[in-house]
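1. can't give you the sequence, but here's the structure:
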């Protein structure tokens, strides 16, 4: 019969109907409460760094049409990535000695990115990509380096020019403008693209970029910043940007990374020995709470934009479960609205070239790309989704942009779950991770929701990934129960009555 516990109508979802007195006693009951009156973040989606794998040089296009089609289908049709930062180069010709260009600039790889990734992936759901014409000081970009020393205002103007020209190129060549631009990736940490520049310079560049974009007629284009190497550094730089009244209006999202390698959320073994056991790292949770509070203060969403080097085999269930937990924790502790893996697609030919002399020709070297979504073996002509890809898919295949995360509470520390109200598809989506060595009989209790109809979903264990669950009906009393296998990730979609 239907009942209410602390204001929650009981609705437990089940693959197998289990007798409460017998199976519950043997395996334990976990209660999950979802409160539709407590709304959290609005979801933006799931992505990765996007490479065209078409190079301006002897390597050329590393994927033939068949491999490219299969790789695009895997990343965007199966995993259901809807986003990604497009890696394009955009430099003033004076820096590179080219005789021809567009408005004094040369766009590296823009046509390849648009025609061989975006146009192919858009029908499969890639709709929210970000332009990423990175500002780099130093290296081959001698003009920016010299301008910084000789004429700092001109240096800031040149940085703004680079981003504005990339946006104009995209608008004039392709007739569209993305909602977001990511001007750098780890500007003062990690990659250190500003080559000695500090937080103050980041703020000044963002201010100059924003003003230039508005002057060029891009009134709605926003910036994703600072995308620093660590949560700590991202927090510090983001605070400086958002506290500046002249830079703040141009910030569309706070981007952050989870490094260094081996850190609590880069390393899957560390995740499986901490958060998976109900003991997330307190310092990491505090940092994410601070990021969350900063975003709330200025009404700016948080995006986790990059993580790699999981220290787990790329195709393993450990990688899947560990990254599913990571996604859960970024959503719950940071209220992150987006989650990105490393690269969307990567292939063996590119790997050998990129890591020549650094292990690129080693056996199974491709599988060191542990947090890329899809890996392509050109020699064997295989296309494989990684554990990271399957983990993202447990969310991305069911949770679309615009869905709202609802406050969710589990009474079992080994049972982690997130719930999302998807009004566009009139359903509640629940992703439940059972980290226990034994099955759990789950009762899902909801407040403020009426459930009805056929429940669908999919489940992953070490025996198989994304296995469809048997459909079953929500009964007349909104009471259903689910048996979660030991060490499993389960996604369920429950129709909403209204």
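-> The structure has been received and is ready for your questions. Everything numeric in this text was worked out from a predicted model, so none of it was measured.
2. neighbouring contacts of stretch 456-474?
-> When contacts are defined by C-beta atoms under 8 Å, 6 or more residues apart in numbering, stretch 456-474 is touched by residues 11, 14-15, 317, 320-321, 390, 393-394, 397-398, 451-455, 480, 485, 487-495. C-beta coordinates here come from the backbone N, C-alpha and C atoms, glycine included.
3. mind redoing it with 6 Å?
-> Where contact means C-beta atoms under 6 Å, 6 or more residues apart in numbering, the residues beyond stretch 456-474 that reach it are 15, 317, 320, 390, 451-452, 454-455, 480, 485, 488-493.
4. mind listing what's buried in stretch 241-256?
-> Using 16 or more other C-beta atoms under 10 Å as the burial criterion, the residues of stretch 241-256 that qualify are 241-242, 244, 247-248, 250-256.
5. Stretch 396-414 too?
-> Judged by neighbour count (16+ other C-beta under 10 Å), stretch 396-414 contains these buried residues: 396-401, 403-406, 408, 410, 412, 414.
6. do the same with stretch 112-121
-> In terms of neighbour count (16+ other C-beta under 10 Å), stretch 112-121 has its buried residues at 112-114, 116-118, 120-121.
7. now the end-to-end length of it.
-> Counting by C-alpha to C-alpha, to the nearest Å, the length from the leading to the trailing residue of stretch 112-121 is 13 Å.
8. and what of stretch 274-285?
-> Start to finish, the residues bounding stretch 274-285 are 12 Å apart (C-alpha to C-alpha).
9. tell me the mean pLDDT for it?
-> Averaging pLDDT along stretch 274-285 gives 98.
10. Can you give me the domain boundaries for this structure?
-> Per the record's domain assignment (automatic domain parsing), the chain is made up of the domains 4-42+404-495, 45-396.
11. Flag whichever of those has the least confidence on average.
-> When these are compared by mean pLDDT, domain 4-42+404-495 comes last with a mean of 83.
12. Just give me how far that domain sits from the chain centre.
-> In terms of C-alpha atoms, centre = their mean, to the nearest Å, the gap separating the centre of domain 4-42+404-495 from the centre of its chain is 24 Å.
13. from here on, count from 6
-> Got it, first residue is 6 now, which makes that one domain 9-47+409-500.
14. Go through stretch 141-154 and flag the buried ones.
-> For stretch 141-154, a neighbour-count test (16+ other C-beta under 10 Å) marks 141-142, 146, 148-150, 152-153 as buried.
15. Report the two of these separated the most.
-> 141 and 152 (13.0 Å; C-beta to C-beta).
16. tell me, which helix in the protein spans the most residues?
-> With residue count as the measure and DSSP state H as the assignment, the chain has helix 157-179 as its longest helix.
17. Following the chain onward from it, which element is next?
-> If you walk from helix 157-179 toward the C-terminus, the next helix or strand you reach (DSSP states H and E) is strand 185-186.
18. Partner strands of that next one and their direction?
-> In the sheet, strand 185-186 lines up against strand 133-137 (parallel), strand 227-233 (parallel) (DSSP bridges).
19. would a markdown table of those strands with distance to residue 434 and mean neighbour count be doable?
-> Conversion of these to a markdown table gives the following (distance: least, C-beta to C-beta, whole Å; neighbours: other C-beta atoms under 10 Å):
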| stretch | distance to residue 434 | mean neighbour count |
| --- | --- | --- |
| strand 133-137 | 19 | 23 |
| strand 227-233 | 25 | 27 |
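20. Dump these into JSON lines; add distance to residue 180 as well.
-> Below are the strands paired with strand 185-186 laid out as JSON lines (distance: least, C-beta to C-beta, whole Å):
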{"stretch": "strand 133-137", "distance to residue 180": "14"}
{"stretch": "strand 227-233", "distance to residue 180": "20"}
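21. For residue 351, I want the exact helix or strand it lies within.
-> Following DSSP H and E, one finds residue 351 within strand 350-352.
22. same deal with residue 437?
-> Assigned by DSSP H and E, residue 437 falls within strand 432-439.
23. Kindly report the same for residue 76.
-> Counting by DSSP H and E, residue 76 is found in helix 70-77.
24. following that helix, which helix or strand shows up next?
-> Tracing the chain past helix 70-77, the next element assigned as helix or strand by DSSP H and E is strand 88-92.
25. what's the angle from that next one to helix 157-179?
-> In this structure, strand 88-92 runs at an angle of 110 degrees to helix 157-179, with axes from the mean of the first three to the mean of the last three C-alpha atoms, to 10 degrees as the basis.
26. Run through who's touching strand 88-92.
-> Counting contacts by C-beta under 6 Å, 6+ apart, the residues outside strand 88-92 that touch it are 50, 52-56, 118, 133-137, 187, 349.
27. And stretch 196-212, by the same measure?
-> With C-beta under 6 Å, 6+ apart as the test, stretch 196-212 has contacts from 141-143, 161, 164, 189, 192-193, 230-231, 242, 245-246, 249, 251-252.
28. Tell me if residue 237 really is in a helix.
-> Yes. Membership of residue 237 in a helix is supported by DSSP: H, G, I helix; E, B strand; the rest coil.
29. excluding its backbone neighbours, what's nearest it?
-> Closest residue to residue 237 in three dimensions, ignoring its sequence neighbours and counting by C-beta to C-beta, 6 or more residues apart in numbering: residue 292, at 6.1 Å.
30. Wait, that neighbour touches residue 238, no?
-> No. The pair residue 292 and residue 238 fails to qualify as a contact (C-beta atoms under 6 Å) at a distance of 10.4 Å.
31. host element of residue 151?
-> Using DSSP H and E, residue 151 sits within helix 147-155.
32. Which strands and helices lie in contact with that helix?
-> The helices and strands touching helix 147-155, judged by 3 or more C-beta pairs under 6 Å, 6 or more residues apart in numbering; DSSP states H and E, are helix 157-179.
33. Identify the residues contacting the helix or strand just after the strand holding residue 351?
-> Scanning forward in sequence from strand 350-352 by DSSP H and E, the next helix or strand is helix 353-359. Helix 353-359 is contacted from outside by 58, 64, 67, 365-366, 370-371, 382-383, using C-beta under 6 Å, 6+ apart.
34. Spell out which strands sit alongside the longest strand seen in the chain in the sheet and which way each one runs.
-> With secondary structure taken from DSSP state E, the chain has its longest strand at strand 34-47. Taking DSSP bridges as the criterion, strand 34-47 pairs within the sheet with strand 409-415 (antiparallel), strand 445-452 (parallel).
35. what is the orientation angle of the first one with strand 432-439?
-> Here the directions of strand 409-415 and strand 432-439 differ by 40 degrees (the same axes, to 10 degrees).
36. Could you give the number of residues near residue 478?
-> Residues lying near residue 478 (other C-beta atoms under 10 Å) number 11.
37. Repeat that for residue 276.
-> Counted with other C-beta under 10 Å, the neighbours of residue 276 add up to 26.
38. what do you get for residue 285?
-> Around residue 285 sit 21 other residues, with neighbours defined as other C-beta under 10 Å.
39. The closest residue to it other than its chain neighbours: neighbouring residues, count only.
-> Nearest residue to residue 285, sequence neighbours excluded (C-beta to C-beta, 6+ apart): residue 279, at 5.8 Å. Number of residues near residue 279 (other C-beta under 10 Å) recorded here: 19.
40. do you know how far residue 279 is from residue 471?
-> Taking C-beta to C-beta, to the nearest Å as the measure, residue 279 falls 26 Å from residue 471.
41. Noted, bye for now.
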